[in-house]
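J.: quick check, what structure comes out for this input:
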Amino acid sequence: MGLFSFFSREKKETLNKGLEKTKTNFFTRLSKSILGKSTVDDEVLDNLEETLISSDVGVDTTLKIIGNIQERVKRDKYLGISELNGILKAEIAQLLNQHHDDEFEDFSSPLTKKPYVILVVGVNGVGKTTTIGKLAYQFKQAGKSVMLGASDTFRAAAVDQLTIWSERVGVPIVSQGMNADPASVAYDTLQSALSKDTDVVLIDTAGRLHNKVGLMNELTKIKKVMQKLVPDAPHEVLLVLDASTGQNAIEQARQFTAATEVNALALTKLDGTAKGGVIIGISDQFKVPVRYIGLGEKMTDLQVFNAEEFVDSLFENN
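T.: The predicted structure is shown next:
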């Protein structure tokens, strides 16, 4: 029990520290928007709308939040500024929870399939390969066997980087080098995973978006080839996004969700940005659960996303 409490406390501290910049940015703006006010009126709502948009929550999601608060103001007639934080917190928690997967609470949660195949997508530079390495570490620490597949054969550096991660974490990798057929690598990876009774398979893919048709065809081919061995693979199509890019991350989500069936999101580099509000907009707009968040350089700084913990941390001491 003591050890569990220690890990829970450490996770919370990492989350609090990782959200510091987002929190400071958001509540500094929020404080200015309600300065000198005692009740929530039209001016406060206009200022709040501006605060949410400038915090990278996104226009559509912001209008949804403001609309719900307006309804509350109409219903209650009088709404004090002191109640605004609580209402905002509840609205954000509801948006983040509507697509949450209750079956996957942490890395030690039982997997629904074996091997559990995760196809990882995302543009170059968002931390995709690093995220795969950290996922491999976390799953391994939770007692699961892991195998990597180097299907990003477009860049030699991607294969090399994933190989370094496999050695660092101590998990096997299947690789055919640069310019190999990505689907062939994925097939070989699953074949090897099945023969070794592996729990989790993480497959890297090319991170280019300049040719959406080519990307879509490539991902479709990878899926079809994998399904010859595991009929319902991949179980997770994980889109990795860099939270520090703000609205650009939303645009990437729009393009990737159009190109393939993304059903999970990972938001990286939250600790280095004040744009953490982008999580709220992305989750709401694309109806896809945020599964993992990156909060630092350490391998343990990649966490399974928990909406309640995220919102509690964001609003703590405010």
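J.: quick one, what contacts Leu267?
T.: Leu241, Asp242, Ala243, Ala249, Val278, Ile279, Ile282, Val290, Tyr292, Ile293, Gly294, Phe305 (C-beta atoms under 8 Å, 6 or more residues apart in numbering). The C-beta positions use only the backbone N, C-alpha and C, and glycine is treated the same way.
J.: what strand or helix carries it?
T.: strand 264-268 (DSSP states H and E).
J.: can you give me the distance of Ala259 to Val213?
T.: With distances taken as C-beta to C-beta, to the nearest Å, Ala259 is found 9 Å from Val213.
J.: which one of those two has more residues nearby?
T.: Ala259 (20 against 8; other C-beta atoms under 10 Å).
J.: spatially nearest residue to the more buried one (excluding sequence neighbours)?
T.: Nearest non-adjacent residue to Ala259, counting by C-beta to C-beta, 6 or more residues apart in numbering: Met216, 4.4 Å away.
J.: before we move on, what about Ala249?
T.: Using C-beta to C-beta, 6+ apart and skipping residues adjacent in sequence, the residue nearest Ala249 is Leu241, 4.3 Å away.
J.: quick one: classify that neighbour as helix, strand or coil.
T.: Leu241 carries the three-state label strand when classified by DSSP: H, G, I helix; E, B strand; the rest coil.
J.: okay, it and Lys275: tell me how far apart.
T.: 11 Å.
J.: over to Ile222?
T.: Ile222 sits 31 Å away from Lys275 when distances are taken as C-beta to C-beta.
J.: same thing with Phe104?
T.: 25 Å.
J.: higher neighbour count, these two?
T.: The residue with more neighbours, out of Phe104 and Lys275, is Lys275; 25 against 18, by other C-beta under 10 Å.
J.: nearest residue to the middle of the chain?
T.: By C-alpha atoms, centre = their mean, the chain has its centre lying nearest to Ala266, at 2.2 Å.
J.: for that one, list each beta-bridge partner.
T.: Beta-bridge partners for Ala266, by DSSP bridges, are Val240, Tyr292.
J.: can you pull the pLDDT of it?
T.: With respect to pLDDT, Ala266 scores 96.
J.: what pLDDT is listed against the most far-flung residue of the chain relative to its centre?
T.: Within the chain, the residue lying farthest from the chain centre (C-alpha atoms, centre = their mean) is Lys77, at 38.2 Å. Lys77 carries a pLDDT value of 71.
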